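**Student:** Structure of the sequence below:
(chains A and B)
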Protein chains: 2
Amino acid sequence: EIAAAVQGLLERGPLAGLRVLVTAGPTREAIDPVRYISNRSSGRMGYAVAQACREAGAEVVLVSGPTALAPPPGVRLVRVESAAEMLAAVEAEVDACAIFIAAAAVADYRPAETAPAKIKKRAQRLGLELVRNPDILATVARRRPRPFVVGFAAETEAVEANARAKLAAKGLDLVAANRVGPGIGFDREDNELTLIWEDGAEPLGRASKLELARRLVARIAERHGARDPAADPGSAPRP
Amino acid sequence: EIAAAVQGLLERGPLAGLRVLVTAGPTREAIDPVRYISNRSSGRMGYAVAQACREAGAEVVLVSGPTALAPPPGVRLVRVESAAEMLAAVEAEVDACAIFIAAAAVADYRPAETAPAKIKKRAQRLGLELVRNPDILATVARRRPRPFVVGFAAETEAVEANARAKLAAKGLDLVAANRVGPGIGFDREDNELTLIWEDGAEPLGRASKLELARRLVARIAERHGARDPAADPGSAPRP
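**Tutor:** Numbering: from 1, shown residues only, chains lettered A, B, ... in the order given. Next comes the predicted model:
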């Protein structure tokens, strides 16, 4: 009976019949076989988004960097480590997806070279040359046809201005913006999000990451549903 | 009855009456409020050593960098993030300890400066200037009086030669050496250790990290027991 109820929800939810691709977690960029550059993303927001999409009836693929989290039930997990691996996994999946939600905190830079053996600590100072990583979100947003594209903007300052600049520069459909720093954002159970789109903004308030993810996914379903279906490569025929 | 048996073991174990300080996990060295440099240490070996010391009757203080692990029962956990924080925590505890076991994979280098706000990704290339971190193990080994000092050497190549050089250069009592790299060492349940001391070596074989930790702690108890007690700041009177 419970199984039937869940099945009914999956069939009738606002994302029923759609495949959604979600990225989550940090990436790790190797300096040598043991050292790496990463960031404080716990992956919780992305995993909550994947769970909320599943609850809304979507078929969900979650491409995740290293986290300590268990994948939400019913979600297909693809584990990756570096930004390059994440891009390859996303490109392999995205053509079949109607919606792309980039919640991963992809490392912007990686070491220009990865040393094949552990670097010995001889020098008192060491210069590490970093190069830009591929921009996974912008790469997906440039595809034609392309899915409905949602980005996150984690900022320590000027949150809405930076988020709106990101929306415009990358040609996104929606940005979920939040402030990070001591006491909020990364590695916390709760979060505070504001949605930004071309001609509007809506604060989603402060709540648990799962509750915010459900609010976010409800807005994504509305805005995706209002979009021209011809632009949509991954939507199955709706009943 | 079980509680009494455990209590008896703690009172009669080979480390009964001794306080042991164990470090574990990686450290994280902040580049800015969200990005950091770290390494692949899971903390499992250090946590296993702390557990094995407790099983051997010691009072255990575990100073740990960021890990996803629960502390072993009966062990006092002190959480730190950077190498500087780990050194401060160790210096606050070490005078009261008879044995110091440095299982942490302390970052050798940290960024010369930590940016106060998230670095924007404007440049295609970025030079990151790194400086040497304090050497916690060598710092403790230079103290007079000092505890019995055990180091780990995680090497990708020339394991025993590098471990013996570390023993001599830092003036350690014992080094537990292992090879790390794809398929062995970091982020794995099992491990392979070889003990190195001034006039000898002993392979402990390949086993689970907890089993290896128990073998290691048995050897530490033997070698510590054979040492001049006058050199020993933290040993309580033995019955």
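**Student:** A:P72 - nearest residue in space that isn't next to it in sequence?
**Tutor:** Among residues not flanking A:P72 along the chain, A:Q51 sits closest, at 3.7 Å (Cβ to Cβ, 6 or more residues apart in numbering or on different chains). For the C-beta atoms, the positions are set from N, CA and C on the backbone; glycine is no exception.
**Student:** Is it correct that that neighbour is in contact with A:V75?
**Tutor:** Yes: counting by Cβ atoms under 8 Å, A:Q51 touches A:V75, with 7.1 Å between them.
**Student:** Which of those two has more residues huddled nearby?
**Tutor:** A:Q51 (23 against 19; other Cβ atoms under 10 Å in any protein chain shown).
**Student:** for that one, helix, strand, or coil?
**Tutor:** helix (DSSP: H, G, I helix; E, B strand; the rest coil).
**Student:** if I look at it, how far off is A:L216?
**Tutor:** Using Cβ to Cβ, to the nearest Å, A:Q51 is found at 12 Å from A:L216.
**Student:** mind listing the strands in chain A by residue range?
**Tutor:** Secondary structure of chain A by DSSP state E: the strands cover A:19-24, A:29-30, A:35-39, A:59-64, A:76-79, A:99-102, A:109-111, A:125-132, A:148-155, A:174-179, A:190-197, A:200-208.
**Student:** can you put those in CSV and add distance to A:E222, mean neighbour count and mean pLDDT?
**Tutor:** Output for the strands of chain A, formatted as CSV (distance: least, Cβ to Cβ, whole Å; neighbours: other Cβ atoms under 10 Å in any protein chain shown; pLDDT from 0 to 100):
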stretch, distance to A:E222, mean neighbour count, mean pLDDT
strand A:19-24, 15, 29, 98
strand A:29-30, 36, 21, 98
strand A:35-39, 31, 24, 96
strand A:59-64, 18, 26, 98
strand A:76-79, 25, 15, 98
strand A:99-102, 12, 29, 98
strand A:109-111, 36, 21, 96
strand A:125-132, 35, 15, 94
strand A:148-155, 11, 24, 92
strand A:174-179, 10, 23, 92
strand A:190-197, 11, 20, 90
strand A:200-208, 11, 13, 93
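**Student:** will you turn these into JSON lines that also has distance to B:K118?
**Tutor:** Converted to JSON lines, these look like this (distance: least, Cβ to Cβ, whole Å):
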{"stretch": "strand A:19-24", "distance to B:K118": "19"}
{"stretch": "strand A:29-30", "distance to B:K118": "16"}
{"stretch": "strand A:35-39", "distance to B:K118": "9"}
{"stretch": "strand A:59-64", "distance to B:K118": "22"}
{"stretch": "strand A:76-79", "distance to B:K118": "26"}
{"stretch": "strand A:99-102", "distance to B:K118": "17"}
{"stretch": "strand A:109-111", "distance to B:K118": "12"}
{"stretch": "strand A:125-132", "distance to B:K118": "15"}
{"stretch": "strand A:148-155", "distance to B:K118": "7"}
{"stretch": "strand A:174-179", "distance to B:K118": "11"}
{"stretch": "strand A:190-197", "distance to B:K118": "17"}
{"stretch": "strand A:200-208", "distance to B:K118": "21"}
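**Student:** Please pull out the lowest mean pLDDT helix or strand from chain A.
**Tutor:** Least confident helix or strand, chain A: helix A:2-12 with a mean of 72, by mean pLDDT, DSSP states H and E.
**Student:** Those residues of chain A touching chain B, which are they?
**Tutor:** A:31, A:33-41, A:68, A:105, A:107-109, A:112, A:117-118, A:121, A:123-132, A:154-157, A:180-182, A:186 (Cβ under 8 Å from any Cβ of the partner chain).
**Student:** in chain A, what residue sits furthest out from the centroid?
**Tutor:** Most distant residue from the mean C-alpha position of chain A: A:R122, 39.2 Å away (Cα atoms, centre = their mean).
**Student:** Can you pull the phi/psi pair for it?
**Tutor:** Dihedral angles of A:R122 (phi, psi; degrees, to the nearest 10) stand at phi -90, psi -50.
**Student:** what's the spacing between it and B:R132?
**Tutor:** Taking Cβ to Cβ, one finds A:R122 at 10 Å from B:R132.
**Student:** can you check A:L212 too?
**Tutor:** A:L212 sits at a distance of 42 Å from B:R132 (criterion: Cβ to Cβ).
**Student:** How about A:P73?
**Tutor:** A:P73 is 47 Å from B:R132, by Cβ to Cβ.
**Student:** now swap in A:L130 and tell me
**Tutor:** To B:R132, A:L130 is 19 Å away according to Cβ to Cβ.
**Student:** Neighbours of the closest residue to A:F100 other than its chain neighbours, how many?
**Tutor:** Closest residue to A:F100 apart from its sequence neighbours, by Cβ to Cβ, 6+ apart: A:P147 at 4.5 Å. Using other Cβ under 10 Å, A:P147 is surrounded by 27 other residues.
**Student:** A:K170 now?
**Tutor:** A:K170 is flanked by 18 other residues according to other Cβ under 10 Å.
**Student:** ok, it touching A:T139?
**Tutor:** No: between A:K170 and A:T139 there is no contact under Cβ under 8 Å: 9.4 Å.
**Student:** what's the longest helix along chain A packed up against?
**Tutor:** What stands out as the longest helix in chain A, according to DSSP state H, is helix A:209-225. If contacts are counted by 3 or more Cβ pairs under 8 Å, 6 or more residues apart in numbering or on different chains; DSSP states H and E, helix A:209-225 sits against helix A:44-55, strand A:99-102, strand A:148-155, strand A:174-179, strand A:190-197, strand A:200-208.
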